[in-house]
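In: Generate a structure from the sequence data that follows.
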Amino acid sequence: MKRWIGGTVLLVVLTACAGPAESAWPAPRLLAHAAGPADLTHHTIGVYLYPEDDVHGPVAPRLGALGARWSRSWLSWDWVEPVRTDPPTYRWEPLDAILGAARRAGLEPIFLLGGNASWAADSFCGPLHPDAREAFVQFLQAAVARYKEPPYAVRLWEIYNEPDSVFGPQGFCFGTRGHRYPETLRLAYEAIKTADPQALVLFGGLSYDFFVNEGGRFDPAFLDDALAAGAGPYFDILAFHYYPAFAERWQAFGPGVAGKAAYLRSELARYGLEKPLALTEIGRPTRGPDTDPLTYDEETTARFVLPALALARAADLAPIIWFSAVDKPAEPYDYGLFDADLAPEPGLAAYAVALAALQGAAYVGPLPLTGEGQALRFRQGERDVVVAWSGQPDLGTEGLAWLRLEATGAWVVNPRGVAHRLLEGSPTDGDGMRDGHLTLLIDAEPVVLWPF
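Out: Residues are numbered from 1 along each chain as shown. Below is the predicted model:
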């Protein structure tokens, strides 16, 4: 039976040996709190919360206590203005509850405009009716005016979720009508910036995978069509999503999510654009339907978390939103850090370790490995932290690699949050020498290393 390890209790189980040398370095604190607003340069990692998880129950506070800094939830214009009146009548209570709960949990909310008012468009995230454009602008200006101030202090505004989706003859979102997206994006951008010049506008998080010509439901031409139609001036950050089921497509451009990010940057460059990228969904299910030929299990997902978030940090993506906080019984896949009964999934411990290692850290660069894998070095204050693994977790390949680390010792933490202390010259040091270096055998289970 799963049990919650709550509050500010460390997720590390220390298995250090006794001896004077063992007391010279405190165990790494697997929490990543930081004061003040989340910093897009360093404090980048958050989580997707379904609206009901934001408002009710303990999940958001638990994740905030572990060090998550951002919250992304689907929000609808229709909840606020289900009927058009003159002057407008707005019902802010649902959004107040969601955004306020995120803030109370220590999470900075992203305003994801997920749904249109039903009277304003034919689909909830497709083109607006011409006579609804003024109402759209009025709604966004009113929303920004309300939520830019404390206690909400919303800075990031994402204009639809996966607008490249195609479903049915009218289009699930914009889909094959990518050339129409810039007109709505421009209205949103100008409305938001007028109300708050410091706000940042995100191009709606692209799936950019599972394409219609491959039996999926996303238009591969959407981004090109939108950029060719003039979207460039009307967003500050390009948001996209990444799931390892489609990893093979991007491996030619780099490992895992870094490959997809590199490709999207090259697409922007084709149109003379250089914009930051946000990863507003990344995740891997622990369970899926029997009809899916891919294998899903708790161990594989737990092993995916650390490399995925480390690669996203190294690729300078911000914010990075793990999908999702809680499993939903009605959904065919279980993506949650908690199951539907709010018991922790194994991925939660790995997520906590990733927060401790990466939240607030600056990417320094890769370390050489002998063999296939990655060792990524980050800087946290005055200390280094390294995330290392062998093989390619996104493709399900494993291997072995040797890492030579300049250090006299290190805490080694696995995805379960279990730590042990490694000293140079000890039996677990690969070369067994006291030479100011550690030699570690890295396998498919990723590890975080706090050298000293």
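In: what about the helices in this protein?
Out: 51-55, 59-66, 77-80, 93-104, 133-147, 181-195, 222-228, 256-270, 298-314, 346-358 (DSSP state H).
In: would a markdown table of these with mean neighbour count, distance to Leu438 and mean pLDDT be doable?
Out: For glycine as for every other residue, the C-beta is placed from the backbone atoms N, C-alpha and C. Output for the helices of the chain, formatted as a markdown table (neighbours: other C-beta atoms under 10 Å; distance: least, C-beta to C-beta, whole Å; pLDDT from 0 to 100):
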| stretch | mean neighbour count | distance to Leu438 | mean pLDDT |
| --- | --- | --- | --- |
| helix 51-55 | 20 | 41 | 84 |
| helix 59-66 | 22 | 28 | 96 |
| helix 77-80 | 20 | 54 | 98 |
| helix 93-104 | 19 | 41 | 96 |
| helix 133-147 | 18 | 49 | 98 |
| helix 181-195 | 20 | 50 | 98 |
| helix 222-228 | 21 | 44 | 98 |
| helix 256-270 | 19 | 26 | 98 |
| helix 298-314 | 24 | 19 | 97 |
| helix 346-358 | 27 | 17 | 97 |
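In: Could you dump those into a markdown table and include distance to Phe111?
Out: Output for the helices of the chain, formatted as a markdown table (distance: least, C-beta to C-beta, whole Å):
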| stretch | distance to Phe111 |
| --- | --- |
| helix 51-55 | 12 |
| helix 59-66 | 16 |
| helix 77-80 | 11 |
| helix 93-104 | 7 |
| helix 133-147 | 7 |
| helix 181-195 | 9 |
| helix 222-228 | 21 |
| helix 256-270 | 22 |
| helix 298-314 | 21 |
| helix 346-358 | 23 |
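In: quick one: which of these is nearest Arg421?
Out: Nearest to Arg421 among the helices of the chain is helix 346-358 (15.9 Å), distances taken as C-beta to C-beta.
In: How far away from the center of its chain is stretch 66-74?
Out: 9 Å (C-alpha atoms, centre = their mean, to the nearest Å).
In: Mind listing what's buried along that stretch?
Out: Neighbour-count burial for stretch 66-74, counted by 16 or more other C-beta atoms under 10 Å, picks out Leu66, Gly67, Ala68, Arg69, Trp70, Ser71, Arg72, Ser73, Trp74.
In: And Ile320, how far from Leu66?
Out: 15 Å (C-beta to C-beta, to the nearest Å).
In: now do Pro319
Out: Going from Pro319 to Leu66 by C-beta to C-beta gives 16 Å.
In: Next: Leu264.
Out: Taking C-beta to C-beta, one finds Leu264 at 29 Å from Leu66.
In: go on, Ala278?
Out: Taken as C-beta to C-beta, the span from Ala278 to Leu66 is 21 Å.
In: excluding its backbone neighbours, what's nearest Ala221?
Out: In space, and not counting its chain neighbours, Ala221 is closest to Gly178: 6.3 Å by C-beta to C-beta, 6 or more residues apart in numbering.
In: Could you verify my assumption that Ile61 touches Arg103?
Out: No Ile there; residue 61 is Pro. No. Using C-beta atoms under 8 Å, Pro61 makes no contact with Arg103, being 11.3 Å away.
In: partner residues bridging the residue nearest the centre of the chain?
Out: By C-alpha atoms, centre = their mean, the chain has its centre lying nearest to Ile321, at 2.1 Å. When bridges are called by DSSP bridges, Ile321 pairs up with Gly46.
In: cool, the one 5 residues further on as well?
Out: Using DSSP bridges, the beta-bridge partners of Val326 come out as Phe338.
In: for this protein, where's the lowest mean pLDDT among helices and strands?
Out: For the chain, the helix or strand with the lowest mean confidence is strand 13-14, at a mean of 30 (criterion: mean pLDDT, DSSP states H and E).
In: Which residues are in contact with Val448?
Out: For Val448, the contacting residues are Pro28, Leu306, Val353, Ala354, Ala356, Ala357, Val385, Val386, Val387, Val412, Val413, by C-beta atoms under 8 Å, 6 or more residues apart in numbering.
In: Rebuild these as a markdown table, extending it with distance to Arg155.
Out: Shown next, in a markdown table, are the contacts of Val448 (distance: C-beta to C-beta, whole Å):
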| residue | distance to Arg155 |
| --- | --- |
| Pro28 | 30 |
| Leu306 | 28 |
| Val353 | 28 |
| Ala354 | 23 |
| Ala356 | 25 |
| Ala357 | 25 |
| Val385 | 27 |
| Val386 | 31 |
| Val387 | 28 |
| Val412 | 37 |
| Val413 | 32 |
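In: Alright, that wraps it up for me.
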